[in-house]
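Asker: Generate coordinates for the sequence data below:
(one chain, ligands or ions: 3)
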Amino acid sequence: MNTPISIDRNEILKRYEPIAKHTHKGLQGHALIIGGSYGKIGAVCLAGKAALKTGCGLVTAFVPECGYQIVQISNPELMVITDADEKHLSDIDFDLKPNAIGIGPGMGLHTETQKAFHDFLSNTSVPMVIDADALNILAYNPSWMALVSPRTILTPHPKELERLIGKWNSEAEMFQKTIAFSLVNQVIIVMKGAPTYTIDGETVYLNTTGNAALATAGSGDVLTGIITSLLAQSYKPCDAAILGVYLHGLTADIALPETGYQSFVASSIIEYLGKAYLSLDV
Ligand SMILES: NC(=O)C1=CN([C@@H]2O[C@H](COP(=O)(O)OP(=O)(O)OC[C@H]3O[C@@H](n4cnc5c(N)ncnc54)[C@H](O)[C@@H]3O)[C@@H](O)[C@H]2O)[C@@H](O)CC1
Ligand SMILES: Nc1ncnc2c1ncn2[C@@H]1O[C@H](COP(=O)(O)OP(=O)(O)O)[C@@H](O)[C@H]1O
Ligand SMILES: [Mg+2]
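Answerer: Ligands and ions are numbered 1, 2, ... in the order given. A predicted model of the protein is given here:
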């Protein structure tokens, strides 16, 4: 394996693009977050709000019918489209043209959801982040990887990664298998952990921000929203992944002296995104 490239502030400033003065919401990109199931609509609320607070102009959530009021009331800035089914996704069909899609948080593994995900993948080439249950569905149906567009970003935590690539006996083997998976499928893999590595074929990027405060429910759902937002804002997929992971960790580093580890929750990541961005402005 090549030596990882350490992603520090200097590397981020090479990639970060401040907001143009005369931009408007129509130019800032439209992100679509697809996911949720009965009891796990919060995952989509978190990803959707994170996408907004990362700077894209418009965000729409696609959720089962039971999520309609939850999303609208928790986040009035989000738009909502609902599936015909009350509790799970059964047909991922929408009449809009998002610039990027994040799919999987809270989505569940219902057989109808699995079929809907298959049909959705067959018909979509929009830049995409695949997370959580969407990754698990791919792990259970490995041949469906052929439907995933090149340069798609996958964001597994270690258990999801194991489901995708199989068990490993050493860290070296984990990297070897993940790099091989990235090369064969032409996808970017964000190997979430402490620290997080982003794998783009044979190139490995090591993130340098973040701390144990991020070990909290919904933290990964927020990361999906952040990276999807950056993709919608026209960052190249690998840069969106690298910058998104860096910003996500930076929120926890900035917050820690104010919140401590224990009281930092996934919503705190969203709350501190502004300070994280401000710390990048030179
Ligand atoms: N408020 C909400 O609606 C929330 C919904 N969530 C959704 O719940 C669904 C299930 O996600 P989960 O990730 O909990 O379930 P999984 O079954 O995919 O993962 C949980 C398992 O992975 C292991 N694991 C997780 N992180 C690990 C790490 N860093 N090192 C080693 N092992 C690790 C855990 O020990 C556990 O065995 C997803 O769709 C997710 O998006 C969660 O994100 C929590 C919040
Ligand atoms: N101890 C830790 N140090 C740094 N980052 C962590 C730590 N624990 C978890 N994280 C980060 O938090 C996120 C957890 O993602 P995930 O397990 O998908 O959460 P969820 O599914 O609950 O949203 C990942 O970005 C991971 O890197
Ligand atoms: Mg997760």
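Asker: OK, now which residue of the chain is nearest to ligand 2?
Answerer: In the chain, the residue found nearest to ligand 2 is residue 220; the distance is 2.1 Å by CB to the nearest ligand atom. Any C-beta I mention is one placed from the backbone N, CA and C, and that applies to glycine too.
Asker: Thought residue 61 was touching residue 67, still the case?
Answerer: Yes - between residue 67 and residue 61 a contact is recorded at 7.3 Å, counting by CB atoms under 8 Å.
Asker: For the stretch 101-250 of the chain, which residues are neighbours of ligand 1?
Answerer: 105-107, 132-133, 157-160, 193, 217-218, 220-221 (CB under 6 Å from any ligand atom).
Asker: and whatever residue of the stretch 51-200 of the chain ends up closest to ligand 1, how far is that from residue 98?
Answerer: Residue nearest to ligand 1 within the stretch 51-200 of the chain (CB to the nearest ligand atom): residue 159, separated by 3.1 Å. To residue 98, residue 159 is 29 Å away according to CB to CB, to the nearest Å.
Asker: Next: residue 164.
Answerer: With CB to CB as the criterion, residue 164 and residue 98 are 25 Å apart.
Asker: The two: which is more packed in?
Answerer: Ranked by neighbour count (other CB atoms under 10 Å), residue 164 and residue 98 place residue 98 first, with 25 against 20.
Asker: which two in the residues of the stretch 101-250 of the chain next to ligand 1 are spaced the farthest apart?
Answerer: Farthest apart among those by CB to CB are 107 and 193. That separation is 21.9 Å.
Asker: neighbour count winner among those two?
Answerer: Applying other CB under 10 Å to residue 107 and residue 193 shows that residue 107 carries more neighbours, namely 30 against 14.
Asker: Not counting its neighbours along the chain, what's nearest the residue of the stretch 51-200 of the chain found nearest ligand 3?
Answerer: As assessed by CB to the ion, ligand 3 sits closest to residue 132 within the stretch 51-200 of the chain, at 4.5 Å. Closest residue in space to residue 132, ignoring its immediate chain neighbours: residue 104 at 4.0 Å, by CB to CB, 6 or more residues apart in numbering.
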